[in-house]
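Participant: Got a predicted structure plus its sequence, pasted below:
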Amino acid sequence: MARQASKVGAASRLRRPAVMFAIPLCVWLIPTSGHAETIADALVKAYQTNPQLNAERARQRATDENVPQALAGYRPQIIASLSGGMQAVRNLLPDNSIQTATQKPWTIGVTVTQTLFNGFKTANSVRVAELQVKSGREALRNVGQGVLLDAVTAYTNVLANQSLVDAQRANVASLRETLNVAQRRLNAGDVTPTDTAQAEARLNRGLADQNAAEVALAVSQATYTQVIGQAPGRLSPAEPVVRLVPRSRDEATTLAFRANPAVLAAGFDADMAEKTINVAESSLYPTVTVQGGASRSRQTDTTLGTNATDQAYVLGQITAPIYDGGTAASQTRQAKELASQSRLVLEQVRNQARTAAVAAWVSYEGARTAVGAAESEVRAATVALDGVRKEAQGGQRTTVDVLNAQQDLVAAKARLIGAQRDRVIASYTLLGAVGSLDVKTLGLHTPDYLPEVHYHQVRDAWHGLRTPSGK
């Protein structure tokens, strides 16, 4: 009777850790009470403060300046000049006498030059600059999508690793209790030293797994700080954006062709390369300019016939290239080859976008299936562990059977946590593949950065050194 009571008490102690195992699983699935940071909050912070994204915005603002630089070809060029100095003169006269004088001449003038025709170089240069701006905007949008996806990945990794650490800590606590029970049963003569050694080995493995989980959590927290801009606090569970993703693989590929920023940027690059051919060909055409100017000069040598000159003039000039050594012809051929390359790159990017969309769709569907399978596995592993514990109570199972069932449950929960994380990331990845991973689509509560605002601020600026931001 005493031995049976001892077995019952030991079995009840073996069952207690099962309750501890049920706690970490809920960390990912059920929101915590009180204020906690949501994934939307993290995305807003990354969108506003991420250095990579802000650097790309600055690059785009610099690209905007290509348009006013090209438009400058339509505008007159005005140059003012002022010269003055001292000049010593020594003249030998016919009677062999020497005359010396010190002059202080000065001249002031202004010249205005206007290009009337340059082989359509200015017009084509403006079109090239505008296409550069459009391509740059898509590149900026692509970087923005990447930053938001990095933020989602960092957020879910921290969340998943926190759950894994909690699960491993609960596992260690359960293994330690199992070891204590095995030692007490060994002292009572119910088990052999082998059972105690097995429990001790599993405890040490659990400690190693807990350490690995804590290291992974620390790394993910550092990555979170890098991407989001501050260390993670208490995080709310993240959900996949199911309502925003395409409904089928065909829809995903169609949207990727139509809205993926990499595809659109490559298309603008191809158009830009075509216009660059026209810019190169403009060197083969004549150039027509008109120039006007006015100047005033003064001399202090009284022996000269005049000591002051005022001038005003208007000149027209036509220059036509005859032969430049083959430079313009070579540049034109080069531009044509670069245009051919850009068209091939566009096709390559389209294929990559198609592949990325299909891969994202398949990964999303696979992650959804994996979550369902992992949830079923956890439920079954929980039932199995309870059953093994009860059978161990009746002497039908050994300590190692309990340890194996316990390890199976921990592994199942780890797979469930990973599958939940992968499903969230896969949904955002799919959204990015079709070009919809942005502030507006996600409904984030932050002002959207509009690159066209700066473009219109500087496009027609004729002068001024300060940027629209006041720098």
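Facilitator: Great, that's in hand.

Participant: Going along the chain, name the strands of the stretch 101-250 of the chain.
Facilitator: Chain-ordered strands for the stretch 101-250 of the chain, with DSSP state E, counting those that start in this stretch as the definition, fall at 106-117.

Participant: ranges for the helices of it?
Facilitator: In the stretch 101-250 of the chain, the helices defined using DSSP state H, counting those that start in this stretch lie at 121-188, 193-228, 249-259.

Participant: any idea which element the residue lying closest to E138 once chain neighbours are set aside lies in?
Facilitator: Spatially, and ignoring its direct neighbours in sequence, E138 is nearest to A265 (3.7 Å; CB to CB, 6 or more residues apart in numbering). No exception for glycine: its C-beta is placed from N, CA and C like everyone else's. Assigned by DSSP states H and E, A265 falls within helix 261-281.

Participant: What angle do helix 249-259 and that helix make with each other?
Facilitator: Orientation check (axes from the mean of the first three to the mean of the last three CA atoms, to 10 degrees): helix 261-281 against helix 249-259 gives 30 degrees.

Participant: average model confidence for helix 261-281?
Facilitator: Averaged across helix 261-281, the pLDDT comes to 95.

Participant: and the spatially most distant residue from the centre of the chain, which of the three is it?
Facilitator: Distance from the centre of the chain peaks at D95, with 86.1 Å (CA atoms, centre = their mean). Three-state assignment for D95 (DSSP: H, G, I helix; E, B strand; the rest coil): coil.

Participant: quick one, what contacts it?
Facilitator: Going by CB atoms under 8 Å, 6 or more residues apart in numbering, D95 touches no other residue.

Participant: which phi and psi does it have?
Facilitator: phi -90, psi 20 (degrees, to the nearest 10).

Participant: Report the separation between it and A353.
Facilitator: The spacing between D95 and A353, counted by CB to CB, to the nearest Å, is 92 Å.

Participant: How many residues are close by L164?
Facilitator: For L164, the neighbour count with other CB atoms under 10 Å is 26.

Participant: ok, how many other residues are close to the nearest residue to it once chain neighbours are set aside?
Facilitator: Spatial nearest neighbour of L164, excluding adjacent residues (CB to CB, 6+ apart): A213 at 4.6 Å. When neighbours are counted by other CB under 10 Å, A213 registers 21.

Participant: before we move on, what about N260?
Facilitator: For N260, the number of neighbouring residues by other CB under 10 Å comes to 28.

Participant: ok, now A356?
Facilitator: Neighbours around A356, by other CB under 10 Å: 20.

Participant: Excluding chain neighbours, what is closest to it?
Facilitator: Closest to A356 by CB to CB, 6+ apart is A433, at 4.8 Å.

Participant: For the one you found, which residues are in contact?
Facilitator: A252, A256, N260, A353, A356, A357, A359, A360, W361 are the contacts of A433 under CB under 8 Å, 6+ apart.

Participant: any idea how far it is from G144?
Facilitator: In terms of CB to CB, A433 sits 14 Å off from G144.

Participant: helix, strand or coil for L465?
Facilitator: Quick answer, by three-state DSSP: L465 is coil.

Participant: OK, contacts around it?
Facilitator: No contacts exist for L465 under CB under 8 Å, 6+ apart.

Participant: rewinding a little: how much space is there between the residue nearest to A356 and K45?
Facilitator: As judged by CB to CB, A433 and K45 stand 24 Å apart.

Participant: ok, and what's touching the helix holding A265?
Facilitator: 119-121, 124-125, 127-128, 131-132, 134-136, 138-139, 141-142, 145, 256-257, 328, 331-332, 334-336, 338-339, 341-343, 345-346, 349-350, 352-353, 435.

Participant: from the chain's centre, how far out does that helix sit?
Facilitator: On the basis of CA atoms, centre = their mean, to the nearest Å, helix 261-281 sits 23 Å off its chain's mean C-alpha point.

Participant: Show me what secondary structure element comes after it.
Facilitator: The helix or strand immediately downstream of helix 261-281 is strand 287-298, counting by DSSP H and E.

Participant: so what does that next one touch, helix or strand wise?
Facilitator: strand 106-117, strand 308-319 (3 or more CB pairs under 8 Å, 6 or more residues apart in numbering; DSSP states H and E).

Participant: Next secondary structure after the last one?
Facilitator: Past strand 308-319, further along toward the C-terminus, the next helix or strand under DSSP H and E is helix 327-393.

Participant: and of the contacts of A433, the nearest to V227?
Facilitator: The nearest member of these to V227, counting by CB to CB, is A360 at 20.1 Å.

Participant: Stretch 227-237: which residues count as buried?
Facilitator: Going by neighbour count (16 or more other CB atoms under 10 Å), the buried part of stretch 227-237 is V227, I228, P232, L235, S236, P237.

Participant: for that stretch, how far is the first residue from the last?
Facilitator: 19 Å (CA to CA, to the nearest Å).

Participant: for the record, mean pLDDT for that stretch?
Facilitator: Stretch 227-237 shows a mean pLDDT of 92.

Participant: now do stretch 105-119
Facilitator: Averaged over stretch 105-119, pLDDT sits at 93.

Participant: distance between it and the chain's centre?
Facilitator: For stretch 105-119, the distance to the chain centre is 47 Å (CA atoms, centre = their mean).

Participant: which residues touch it?
Facilitator: Under the criterion CB under 8 Å, 6+ apart, residues 73, 76-85, 87, 122, 281-300, 311 lie in contact with stretch 105-119.

Participant: Which among the residues you listed count as buried?
Facilitator: Buried residues within the contacts of stretch 105-119, counting neighbours by 16+ other CB under 10 Å: T122, E281, S282, S283, T287, V288, T289, Q291, G293, S297, R298, Q299.
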